Structure formats: structure tokens, C-alpha cells
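> predicted structure and sequence below. I'll ask about it afterward.
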Amino acid sequence: MKPVRFEVFPKVSSAQLNRLYAKAWPHHRSFDFDPVIRQCLRFVCAYDGKELVGSVYLAWDGAQHAFLLEPTVAPRFRRRGIGKELVRKAIEIARDRGCEWVHVDYVASLAPFYTACGFRSTKAGLIRLANSNDSKSR
């Protein structure tokens, strides 16, 4: 098996990301990723040949805070270190851009993954603005 290739800000389409998300997120609904790609600090993707098998992106405040969003790995590629490498690369990008903090929100079951990536748990607040039945929610 050849190694997975990582690319920073590749030309990735909404169709490719929707295919990956449909495999990785059981309740995913098709979504237009183009605005996300245009606005984010960086997108990092993992490929097996030409197949997109993982992605993560960084939002930011334009200064010292970056926000790690949606580390995603196709189920058949999990437990190979791909997710950790996506996160590592994203953190490196944030550091190189002068960010002082990288924030991430996650459900309790993912705490071991984020701890292994170097995050520590903190208290934070969250307000959900979209109804879970809303057609725009992922």
C-alpha cells in the first residue's frame, strides 16, 4: 500500500468534500463548501492516489486565534494516523501564520483523539443557531 499524500490548499471541490463527508459523517447532507474554502485560513487534505480520504480546515480571526474545524477521515482509512497528521499540519500552519491559539470543539467521545493531538480540555460556551432538522445543517 502506498502512503497517503497530504496537500495544503489543494484544488478540492464541493463534490469531492461531499463524497468524503457522506462516507465519514452518517447524517451529512450535501453542502456548498466553496464559501468555506474561500474564507478559511487553510484547508489540508489527504489523498490515496486521486481519492480524497481526509480533510481539515482552519478558520481564524485574522490575528492570533485559529479554529480547527471538521477533521474528517474516510472510515476505511481511520486508525492509520491520518487524522493526527491532518491536525498536526493545520497546527503548524496556524503557528507559521502567527497565531497564538488553536481552538477546537468536540464531543466527549473524541477527547482521546484531541488529547493525543496535544489539545487540553477547557470550558467553553456554544449556542446552536440552526435547528437539527434544518436543511442547511450538516
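Thanks, I have it. As the structure is a prediction and not an experimental result, all values here were calculated from the model. Numbering: from 1, shown residues only.
> and the closest residue to residue 91 other than its chain neighbours, what are its phi and psi?
The shortest distance from residue 91 to any non-neighbouring residue, by Cβ to Cβ, 6 or more residues apart in numbering, is to residue 102 (5.5 Å). All C-beta atoms are positioned from the backbone trio N, CA, C, and that covers glycine. Per-residue torsions, residue 102: phi -120, psi 120 (degrees, to the nearest 10).
> and the residue positioned nearest the centre of the chain, what are its bridge partners?
Centroid-nearest residue in the chain, with Cα atoms, centre = their mean: residue 56, separated by 2.4 Å. In this entry, residue 56 is beta-bridged to residue 44, by DSSP bridges.
> how about the lengthiest helix in the chain: buried residues?
In terms of residue count, the longest helix belonging to the chain (DSSP state H) is helix 82-96. By 16 or more other Cβ atoms under 10 Å, the buried positions in helix 82-96 come out as 82-91, 93-94.
> all strands for the protein, in order.
With DSSP state E as the criterion, the chain has strands at 5-8, 42-48, 51-60, 65-73, 101-103.
> columns mean pLDDT and distance to residue 124 on top of those, output as TSV?
What follows is these, written out as TSV (pLDDT from 0 to 100; distance: least, Cβ to Cβ, whole Å):
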stretch	mean pLDDT	distance to residue 124
strand 5-8	96	27
strand 42-48	96	23
strand 51-60	96	15
strand 65-73	96	11
strand 101-103	95	8
